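Visitor: heads up, no residue letters with this:
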């Protein structure tokens, strides 16, 4: 594992492998550049040559010719496929690469032999880098029309960046409103068509111009080109890994490519493309003197599209600050669990729409304040039934309190119902019924007025066995054309009852106790 290789030397060895087998060839040491320390594992490993590589060197032991040193490798344009039965050939018969009896290419990589066209339109041309495996794979696997996140369409408010906007503006720019495209390899550009830059205006290919958005929002143009020999410096491994340092004017790039298709490319305008065809792990662990922080600054927009699930765990606190609008568009269910308090402050309006059922469970107390600023109103609109179940209910108003029903209205209690006010009016467009299973008592510290407006009849009745009590400390006025008092017993104590009735109903079958009661007619 010293980086040595066996060499068959012209003028010293024959190509007859029976006479000089490969395993009998001398070991040659590989000379390394001064940029490599070549000791203690520091530097670049001298393992570049492959079986069949032509090299040049010298014997460091002079005429004894037993200690060859390889100074470098020699490339060319081989015409014949390897013959593994002869010396000066790859003993495994692999290199130079060949197919169907023909050598596939000469020794300088296709990637380094570009002519600067964007890209070459004729794929049959010998120097077309587009025929290299890495570019074939990258263009085939290029991602286009990657969907962006869109705000939800809402019926209660005008919202930007919705699906409606996507269909309205899609296709009007290179980077679509609702989608984006991976830049083209090598020469860049974000159009969905890889052939867009195949030829420039005069049809010959080469350097052309593309438009782009500057930081200030204006549209500008820049020249763009593709790799040109000998400006592109390429390193390719046996398995197909690629590294490029491209110095072509208007096409300066850095490119690192793995044979599986994972790559990183920095293009001429500074655009960086990182694509991972497998899994991607990024760990910022820190060390004893550094807690392992990470900071990301993005001057422009950021589009993040994840086709499957996302899990985000934060052991500490999390802060979201949005200086513009915040849209959350959930197409499925949304569940939120908070083990502590939940505080929300809305400095302007709030609107909530629930298209189906809504259930709210409060384990302890709930307080809703409307008009904390001194003004405001609260309205409940219910299409069908509105019910409130509570142990105690208190309704308090500093001004008017109105209860209106379009149909029947019932007040029921298993105990006492009290209606108290400075003035209490109970009225109806038709009849008013006040009844009790036992007694109905009407008390007044002043005057009791019983009057009928339309049909001048007043009926005061009691269930069998009950009693009608009219108790007034002063005067009770009954104004009606017809008064009917029907009860087994009528009790009027210490009262003057005045009536303007033209008739007093016959008090048949009743007992009238007139303890100081005077009828005035």
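Guide: Right, received. Where do you want to start? In this text the structure is predicted, and so the values were computed from the model without any measurement.
Visitor: Residue 276 against residue 262, yeah?
Guide: Yes - using Cβ atoms under 8 Å, residue 276 is in contact with residue 262, at 5.1 Å. Using the backbone N, CA and C atoms, a C-beta is placed for each residue, glycine as well.
Visitor: Now do the strands in the stretch 201-350 of the chain.
Guide: Using DSSP state E, counting those that start in this stretch, the strands of the stretch 201-350 of the chain run over 208-213, 219-224, 232-236, 242-246, 253-257, 263-266, 272-275.
Visitor: Next up, the contacts around residue 67.
Guide: Counting by Cβ atoms under 8 Å, 6 or more residues apart in numbering, residue 67 makes contact with 26, 29, 59-61.
Visitor: and of the strands of the stretch 201-350 of the chain, who's closest to residue 2?
Guide: Proximity to residue 2 (Cβ to Cβ) singles out strand 232-236 among those, at 22.3 Å.
Visitor: Report the angle between that closest one and strand 242-246.
Guide: Strand 232-236 and strand 242-246 meet at an angle of 170 degrees, taking axes from the mean of the first three to the mean of the last three Cα atoms, to 10 degrees as the criterion.
Visitor: if I pick the residue nearest the centre of the chain, what's in contact with it?
Guide: The residue lying closest to the centre of the chain (Cα atoms, centre = their mean) is residue 149, at 6.1 Å. Residues in contact with residue 149 (Cβ under 8 Å, 6+ apart) are 303-305, 329.
Visitor: so can I have JSON lines of those showing neighbour count and distance to residue 371?
Guide: Listed next are the contacts of residue 149 as JSON lines, based on neighbours: other Cβ atoms under 10 Å; distance: Cβ to Cβ, whole Å:
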{"residue": "303", "neighbour count": "11", "distance to residue 371": "43"}
{"residue": "304", "neighbour count": "7", "distance to residue 371": "43"}
{"residue": "305", "neighbour count": "11", "distance to residue 371": "45"}
{"residue": "329", "neighbour count": "14", "distance to residue 371": "33"}
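Visitor: Point out the least confident one among those.
Guide: Least confident of the contacts of residue 149 in the model: residue 329, at 86.
Visitor: With adjacent residues omitted, what lies nearest to it?
Guide: residue 152 (3.9 Å; Cβ to Cβ, 6 or more residues apart in numbering).
Visitor: hang on, isn't the one you found packed against residue 334?
Guide: No - look at residue 152 against residue 334 with Cβ under 8 Å: they stay out of range, at 11.8 Å.
Visitor: more crowded one of the two?
Guide: residue 152 (13 against 7; other Cβ atoms under 10 Å).
Visitor: separation between that one and residue 320?
Guide: Residue 152 sits 18 Å away from residue 320, going by Cβ to Cβ, to the nearest Å.
Visitor: quick one on the thing from earlier: so among the contacts of residue 67, which ones count as buried?
Guide: For the contacts of residue 67, burial is judged from neighbour counts taken by 16 or more other Cβ atoms under 10 Å, and it is met by 26, 29, 59.
Visitor: and the closest residue in space to residue 261 that isn't next to it in sequence, how many neighbours?
Guide: Leaving aside its chain neighbours, residue 261 sits nearest to residue 277 (4.1 Å; criterion: Cβ to Cβ, 6+ apart). Neighbours of residue 277 under the rule other Cβ under 10 Å: 12.
Visitor: Equivalent analysis for the one 5 residues further on, please.
Guide: A count of neighbours around residue 282, defined by other Cβ under 10 Å, yields 5.
Visitor: any idea how this structure splits into domains?
Guide: Split into domains by automatic domain parsing, the chain comes to 1-107, 111-144+181-275, 441-520.
Visitor: Any regions of the stretch 301-450 of the chain where pLDDT drops low?
Guide: Counting by pLDDT under 70, the stretch 301-450 of the chain has low-confidence residues at 427-429, 435-450.
Visitor: the helices in the stretch 101-250 of the chain, which residues?
Guide: 133-140, 163-169 (DSSP state H, counting those that start in this stretch).
Visitor: ok, of the ones you listed, where does mean pLDDT dip lowest?
Guide: Among the helices of the stretch 101-250 of the chain, helix 163-169 carries the lowest mean pLDDT, at a mean of 54.
Visitor: Run through the residues that contact residue 300.
Guide: Neighbours of residue 300 in contact, by Cβ under 8 Å, 6+ apart: residue 215.
Visitor: any idea how far residue 309 is from residue 378?
Guide: Distance from residue 309 to residue 378, by Cβ to Cβ: 42 Å.
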